[in-house]
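Asks: predicted model and sequence follow; I will ask about them next.
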Amino acid sequence: MAEGIETTVAEMLTPLLQTEGFELVAVETAGNRKNRILRLLLHKQGGLSVSDCKAAAQVVRPILEVHQLLSAYKQFEIASPGVDRPLETAADFRRNLGRTVQIEATSERGQAFEVQGQVVDVIDGCIILEQTSGKTVHIEISKVCKAYIQLVW
């Protein structure tokens, strides 16, 4: 049921949230049978504030209630995925052009490898990274297992 509801909610709310200036990054379900949580992770250009979360909730809650998608959940949350969020889609990588990322992926032969570099471009489902050595690496997004921004503290 969890994957089904995640897909249903994402398909239902993505266009509405886009018109409100938000990008739906993920729909998550968590908790146990008594304390289930439905969580929407949103991105907004320039950052997501608490008032943005409240505004988004006011827009989407009535839709979720009409379709009875909240009845199985004790809590409904809207949050930012945070700075250490995983990068999964072409939009995630485009949003981080110029940033250094760490990627775990599989090769055409199915072997796992890791690469780090600065996101230079995203074209036709492919991430183009420039490593510190100056070497350019192309990685298909479909081959990415994990990807994160390399945070510098």
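Replies: On my side now, so go ahead.

Asks: check residue 148 and give its pLDDT.
Replies: pLDDT for residue 148: 93.

Asks: contacts only, for residue 139.
Replies: Residues counted as contacts of residue 139 (CB atoms under 8 Å, 6 or more residues apart in numbering) are 103, 105, 115, 126-127, 129. (Glycine included, C-beta is placed from N, CA and C.)

Asks: save those as JSON lines, and put in neighbour count and pLDDT too.
Replies: Formatted as JSON lines, the contacts of residue 139 follow (neighbours: other CB atoms under 10 Å; pLDDT from 0 to 100):
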{"residue": "103", "neighbour count": "23", "pLDDT": "96"}
{"residue": "105", "neighbour count": "20", "pLDDT": "95"}
{"residue": "115", "neighbour count": "16", "pLDDT": "96"}
{"residue": "126", "neighbour count": "15", "pLDDT": "96"}
{"residue": "127", "neighbour count": "28", "pLDDT": "97"}
{"residue": "129", "neighbour count": "20", "pLDDT": "97"}
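
Asks: what's the farthest-apart pair in those?
Replies: 115 and 126 (13.2 Å; CB to CB).

Asks: and of the contacts of residue 139, the nearest to residue 46?
Replies: residue 127 (23.8 Å).

Asks: residues touching that closest one, list them.
Replies: 93, 103, 119, 121, 138-141, 144.

Asks: possible to save the contacts of residue 139 as a markdown table with distance to residue 35 and secondary structure?
Replies: Formatted as a markdown table, the contacts of residue 139 follow (distance: CB to CB, whole Å; DSSP: H, G, I helix; E, B strand; the rest coil):
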| residue | distance to residue 35 | secondary structure |
| --- | --- | --- |
| 103 | 35 | strand |
| 105 | 36 | strand |
| 115 | 40 | strand |
| 126 | 41 | strand |
| 127 | 38 | strand |
| 129 | 41 | strand |
